[in-house]
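# Please find the sequence and the predicted model below.
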Amino acid sequence: MKTHLIEWKRFVQKGPTCNRCDDTGGTLRDVIRTLNAGCGAKLARFRLKTTRLPARRIGEFNSILIDGRPLEQIVPGVTVTETDCRSCGELAGKPMSCRAVVIKGHTHNAVPADLIRSAICRVANCCGDDCDCGCGCGKPPRKSGTARREAVGALPCCDLKLARSRRPLKR
């Protein structure tokens, strides 16, 4: 069984972190806990490492690396942008713009659970040969009703469903 390192980089100023980083952190912990208890328990383990960043490293705030690879490089169609972050601005004492992810035209300040799960499952190949999500990973069609699907929660490993992600940024 292989252990995969999930690194979460967040802004910390004298203890607290910003709201968007805090939201991503909670979601990330939930996803890792679910994967470790479900299909990951048999094929892979996932360990979270939190890296605290100072204000001068703003371009890295709220980023997730999976085995050293940025999440947005793992899942096709995901891009990174910056949006105003009042919470970071309050902590830093000056206006700041922080990382946000764009999925299918929707901007998310906090990284959605489905995106995190998709990236982790792609790197770990934790769903074995049963993937049918159309992601291009080359796996044969999933057999219906597998235990792995139930363990992860009705979504194939690489599928990215916006309907189940956290709230998108309102423009």
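Happy to help now that I have it.

# Please tell me how far the residue nearest in space to the middle of the chain sits from Thr107.
Nearest to the geometric centre of the chain sits Ile116, at 2.4 Å (C-alpha atoms, centre = their mean). Relative to Thr107, Ile116 is positioned 16 Å away (C-beta to C-beta, to the nearest Å). For every residue, glycine as well, the C-beta is placed using N, CA and C.

# same check, this time on Asn125
For Asn125, the distance to Thr107 (C-beta to C-beta) stands at 29 Å.

# surely Glu82 meets Ser97?
Yes: between Glu82 and Ser97 a contact is recorded at 4.2 Å, counting by C-beta atoms under 8 Å.

# how about the helices of this structure, start to end?
19-37, 40-43, 71-74, 86-92, 113-124, 147-152 (DSSP state H).

# Deepest-packed of those helices, please.
Sort the helices of the chain by mean neighbour count, taking mean count of other C-beta atoms under 10 Å, and helix 113-124 sits at the top with a mean of 24.

# so what pLDDT did the closest residue to Arg69 other than its chain neighbours get?
The shortest distance from Arg69 to any non-neighbouring residue, by C-beta to C-beta, 6 or more residues apart in numbering, is to Val123 (6.8 Å). What the model reports as pLDDT for Val123 is 90.

# Roughly how far does Val123 sit from Val101?
Distance from Val123 to Val101, by C-beta to C-beta: 17 Å.

# Next, the contact list for the residue nearest to Arg69, please.
When contacts are counted by C-beta atoms under 8 Å, 6 or more residues apart in numbering, Val123 touches His4, Ile66, Asp67, Arg69, Ile74.

# sorry, back to before: wait, the residue nearest to the centre of the chain sits on Leu65?
No: using C-beta under 8 Å, Ile116 is not in contact with Leu65; the gap is 11.7 Å.

# Pull up the overlap in contacts between those two.
In contact with both Ile116 and Leu65: Leu71, using C-beta under 8 Å, 6+ apart.
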